[in-house]
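> need a structure here:
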Amino acid sequence: MRYLLNLFIILVLFAIPATGQNKNTARKLFNEGRYAEAKPMFEKLLKSNPKNSEYSYWYAVCCYETGDSVEIKPLLEFAASRNVVNAYRYLGDYHYDRNEYPAAVDWYSEFIDETNSDSLRQVYQKKYTAVSKLNRMVMNCEKICFVDSFVVDKKDFLSAYRMGSEGGYITTNARFFDDEGLPGYLNCSERGLDIYFSDFDEDNDSLMKLYHNSKIADEWGRATMLKGFDTKGNDNYPFMLSDGVTLYFASDGEGSIGGYDLFVTRLDIETGRFLRPDHLAMPFNSVANDYMLAINEVANLGWFATDRNQPEGLVCVYVFIPSPDKECYDTDDFGKLFSYAQISSIAATQTDGEALRKARQQLTILHYEQNAGTRKGDFLFVVDDRLDYKSLSDFKSEKARALFVEWQKKEAQLRQDVTLLEQKRDEYSSANAGMKNSMRNTILTLERKIESEQQELERMEYEVRRLEHDAVYNK
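Numbers count the residues shown, from 1 in each chain. Alright, predicted model coming up:
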């Protein structure tokens, strides 16, 4: 018995230094940023002492830094409850990664107040400021009705802007100035007398800035860089409303929450200078790139592009109904607001049936008028930013040409159906209750048919572009 007791004491005496040695080795690896090596050591230490707040913190951080799927939130919260100050910042990061901005703001604030590290305080003060802004923007998300969306190749994103001729048009500098080497984008007024475009800064050729030029007696004057504001970054994708005062553009400079953001500025006519730009609210902006906002005021439709939630090389162009009232959503539910801010569901924004109906009607007219000519056989088909086709002989791919001819036939049928639908809707609006009941099914059937035709035309149009693109560029 005495022998067994002595053996137990010896084992305990040896175990204590071994535990301390493992802790020191793991801590050293942790401090060197070698989290993958330290993680199994801290896991063993935590299993041996699950109520140790430091072990909880160290193991949770190792899992976080290595991307381990272990649920680290309870571990960090336990460490934070025992005043492990660095757990506060990781809880902030944890919630930020999940777009839970209110919780991230609170934890970052706790860390800034409690940390003794001046360098980390400066880092997390910047994070706190950025996340606080994101939080405010989500909470003040504008109530916007989205009509449709189109996922397209980034290099050809302008093909999704079926805006009609009202308010001018948007294009690339390369196309407008007939110089393939020119970067940037351009907006030309409806009368063709004014252009706003991007070009390199006069004093810093590493930055893009916005310029204006006017045509007098069929001659362009000297382009001048816009004055009145300096974003300290690249400015691009300009669009001037028909009032000649309100200018939308995108910038990755001051005020941006990620990549390019959308801004609006206004011209002070008396001074000729533009006012300090206002940052557009969510859902127009996000932590991704958001750019090229354009509006057809006659049709009351707007477009903008974003690469949020899109794979490399693709962007989504949203079509929306402009709202002059700047109404915000009436809810404090952050999850719902974030969903609206990210445009997670177009259908969820379509709460005004009549406004949506009119918008879809206008979009259909614009979408197919752009490709339809006034004379039989004439058309304008945009393959990409460099190729505009006006006759069947322009096609290099026989398959693309044949499919385009089929597309034209289906497009003509669609326009007939749209015209018939407009006629039926007009008749319905003035009909009595009995007639409305009999007309309702006819209208619903036509709407479903048109929706199906639109989807088929979009599929065919994409395939025509793909076939022709391959024929031209992959010879």
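> how close does residue 181 sit to residue 469?
Residue 181 sits at a distance of 21 Å from residue 469 (criterion: CB to CB, to the nearest Å). Every C-beta, even on glycine, is put in place using the N, C-alpha and C of the backbone.
> Among the two, which residue is more densely surrounded?
residue 469 (18 against 7; other CB atoms under 10 Å).
> buried ones in stretch 33-41?
Using 16 or more other CB atoms under 10 Å as the test for burial, stretch 33-41 gives 35, 38, 39, 41.
> Also stretch 395-409?
Those would be 395, 396, 397, 400, 401, 403, 404, 407, 408, for stretch 395-409 by 16+ other CB under 10 Å.
> can you check stretch 456-475 too?
457, 460, 461, 464, 465, 467, 468, 469, 471, 472.
> Just the CA atoms of stretch 168-182, as CSV, please.
C-alpha atoms of stretch 168-182 as CSV (Å, rounded to 0.1, in the frame of the first residue of the first chain):
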residue,chain,number,x,y,z
GLY,A,168,-28.8,60.1,-73.4
TYR,A,169,-26.7,57.0,-73.3
ILE,A,170,-23.7,55.4,-71.5
THR,A,171,-20.7,53.8,-73.2
THR,A,172,-17.0,53.2,-72.9
ASN,A,173,-14.4,55.8,-73.7
ALA,A,174,-12.8,53.4,-76.1
ARG,A,175,-16.0,53.2,-78.1
PHE,A,176,-16.9,56.8,-78.0
PHE,A,177,-13.4,58.1,-78.9
ASP,A,178,-12.7,55.1,-81.2
ASP,A,179,-9.6,54.2,-79.3
GLU,A,180,-9.3,50.7,-77.9
GLY,A,181,-6.6,51.7,-75.5
LEU,A,182,-8.7,54.2,-73.5
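> Show me the chain divided up by domain.
Taking automatic domain parsing as the reference, the chain has its domains at 22-139, 142-350, 371-475.
> just to revisit the earlier point, among the buried residues of stretch 395-409, which two are most distant?
Greatest spacing in these, by CB to CB: 396 and 408 (18.0 Å).
> State the distance from residue 251 to residue 204.
Distance from residue 251 to residue 204, counting by CB to CB: 14 Å.
> Neighbour count: those two, which is higher?
A count of neighbours by other CB under 10 Å puts residue 251 above the other of residue 251 and residue 204, at 26 against 9.
> hmm, back to that, list just the nearest of the buried residues of stretch 395-409 to residue 351.
Among the buried residues of stretch 395-409, and counting by CB to CB, the member closest to residue 351 is residue 407, at 33.7 Å.
> what's near enough to touch that closest one?
Applying CB atoms under 8 Å, 6 or more residues apart in numbering to residue 407 gives the contacts 457, 460, 461, 464.
> Which secondary structure element is home to the third one?
Secondary structure here is read from DSSP states H and E; on that basis residue 461 sits in helix 433-473.
> what's that helix packed up against?
Contact here means 3 or more CB pairs under 8 Å, 6 or more residues apart in numbering; DSSP states H and E; on that basis helix 433-473 packs against helix 353-369, strand 381-384, helix 398-430.
> how about the ones you listed, which one is nearest residue 185?
Residue 185 sits nearest to strand 381-384 of all these, at 14.4 Å, using CB to CB.
> Just name whatever secondary elements that closest one is in contact with.
Here strand 381-384 touches strand 387-389, helix 433-473, going by 3+ CB pairs under 8 Å, 6+ apart.
> about what we covered before: TSV please, covering the buried residues of stretch 395-409 and showing distance to residue 273 and pLDDT.
As requested, the buried residues of stretch 395-409 are arranged in TSV below (distance: CB to CB, whole Å; pLDDT from 0 to 100):
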residue	distance to residue 273	pLDDT
395	48	88
396	48	89
397	50	90
400	49	90
401	51	87
403	51	91
404	48	88
407	48	88
408	49	85
